[in-house]
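Participant: I'd like to go over a predicted model; first the sequence, then the structure.
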Amino acid sequence: MTGLRISDLTVTYPGPRTGSLGRRSQVEAVRGVSLDVASDEAVALVGESGSGKSTIARAVVGLVAPASGSVEFDGASLLDPRGGPRARRGIAMIFQDPRSSLNPRRSVEASISEAWQAQPDAAPAGVRTDPRRRRDAVVELLDQVGLDPDVARKRPPALSGGQCQRVSIARALALKPRLLICDEAVSALDVSVQAQVLQLLVSIRRTHGLSMLFITHDLGVVRQVADRVAVMRRGELVESAGVQTLFTDPQHDYTRELLSAAVDLEVSA
Ligand SMILES: Nc1ncnc2c1ncn2[C@@H]1O[C@H](COP(=O)(O)OP(=O)(O)OP(=O)(O)O)[C@@H](O)[C@H]1O
């Protein structure tokens, strides 16, 4: 299939030492999860804190090695030590805190263009050798995320949180991904800025024909961006359905709890 296919994924972390021998226990952060994100599809992964959402993303981008299961992208295994890194080139990820994912001492231009040093396949012609072409290509990406050309010269401390997240999105786009993973990509931003950045992601998805995996605890985000929702609880996937179906006819008790907690929050806000 084209797109992302996660099958029966289990990921464990070393836990605290236990017993008189001080053996390390294992924390099963993700247990037997299967999830597809078809090409062009936007899937939201929701669930309470600690339910394993970010661990799934980390396994997809190779930041943690699963204990078992398989992860394929466009039919190629991402877990294969030889082919995996190459197959993963079609995937980019944006994190929660844009400031900590950008180097504060490097200009925006340097941060974006280093993506092309790491992945020459994604580099537009000439950008690695011709400074003017590099600047033009960076400015073009900044334009796509709604930032002015003069941002290229600035460093992250001179930018707002929303601008930094736009830079992170531009840097992700520089890699010409087919799948963008957004791990709580707006939750660290002010509410008004959250809406603008979400809107940007929705429009980028449309213009670039990307598939997206949105990790979020915010069901409001889900409504805005996703076609389908997968609900995680304590490391397991408990329900997966189209957005409309999930909101109107949730099947699992835990999904109903999540939805009613979100309604309570809206009412008390
Ligand atoms: N590096 C690690 N070492 C040990 N345990 C970890 C590590 N990272 C995560 N965990 C544990 O794995 C489980 C799943 O964590 P994970 O971050 O994937 O959940 P999450 O749903 O993304 O939560 P949050 O929304 O708070 O980020 C949690 O019990 C967490 O404490």
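Facilitator: Noted; the coordinates are in hand.

Participant: could you give the bridge partners of residue 72?
Facilitator: Legend: beta-bridge partners of residue 72 under DSSP bridges are residue 5, residue 77.

Participant: now do the contacts for it.
Facilitator: With contacts taken as C-beta atoms under 8 Å, 6 or more residues apart in numbering, residue 72 has the following neighbours: 1, 4-5, 7, 78, 87. (Glycine included, C-beta is placed from N, CA and C.)

Participant: quick check: pLDDT value at it.
Facilitator: The confidence metric pLDDT takes the value 96 at residue 72.

Participant: how about residue 266?
Facilitator: For residue 266, the model assigns a pLDDT of 62.

Participant: swap in residue 194?
Facilitator: 90.

Participant: just say helix, strand or coil for it.
Facilitator: Using DSSP: H, G, I helix; E, B strand; the rest coil as the criterion, the local structure at residue 194 reads helix.

Participant: test my guess that it contacts residue 188.
Facilitator: No - here residue 194 lies out of contact with residue 188, judged by C-beta atoms under 8 Å, at a distance of 9.1 Å.

Participant: neighbour count: these two, which is higher?
Facilitator: residue 194 (21 against 18; other C-beta atoms under 10 Å).

Participant: what about the helices in the stretch 101-250 of the chain?
Facilitator: Residue ranges of the helices in the stretch 101-250 of the chain, as given by DSSP state H, counting those that start in this stretch, are 108-118, 131-144, 161-174, 191-208, 219-225, 243-248.

Participant: need the contacts of residue 72 in TSV (columns: neighbour count, distance to residue 26 and pLDDT).
Facilitator: Converted to TSV, these look like this (neighbours: other C-beta atoms under 10 Å; distance: C-beta to C-beta, whole Å; pLDDT from 0 to 100):
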residue	neighbour count	distance to residue 26	pLDDT
1	11	31	77
4	25	26	97
5	19	26	97
7	14	21	98
78	24	23	95
87	19	28	90
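
Participant: now render these as a markdown table, adding distance to the ligand.
Facilitator: Conversion of these to a markdown table gives the following (distance: C-beta to the nearest ligand atom, whole Å):
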| residue | distance to the ligand |
| --- | --- |
| 1 | 25 |
| 4 | 17 |
| 5 | 20 |
| 7 | 18 |
| 78 | 17 |
| 87 | 22 |
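
Participant: so residue 90 makes contact with residue 180?
Facilitator: No - at 10.1 Å, residue 90 does not count as touching residue 180 under the criterion of C-beta under 8 Å.

Participant: which of the two has more neighbours?
Facilitator: Comparing residue 90 with residue 180 by other C-beta under 10 Å, the one with more neighbours is residue 180, at 24 against 20.

Participant: quick check: the more buried one touching residue 214?
Facilitator: No - the pair residue 180 and residue 214 does not pass the contact test of C-beta under 8 Å, sitting 9.1 Å apart.

Participant: okay, now residue 192: neighbour count?
Facilitator: Neighbour count for residue 192, taken as other C-beta under 10 Å: 8.

Participant: quick one: name the residues of the stretch 101-250 of the chain near the ligand.
Facilitator: Within reach of the ligand by C-beta under 6 Å from any ligand atom, the stretch 101-250 of the chain has these residues: residue 217.
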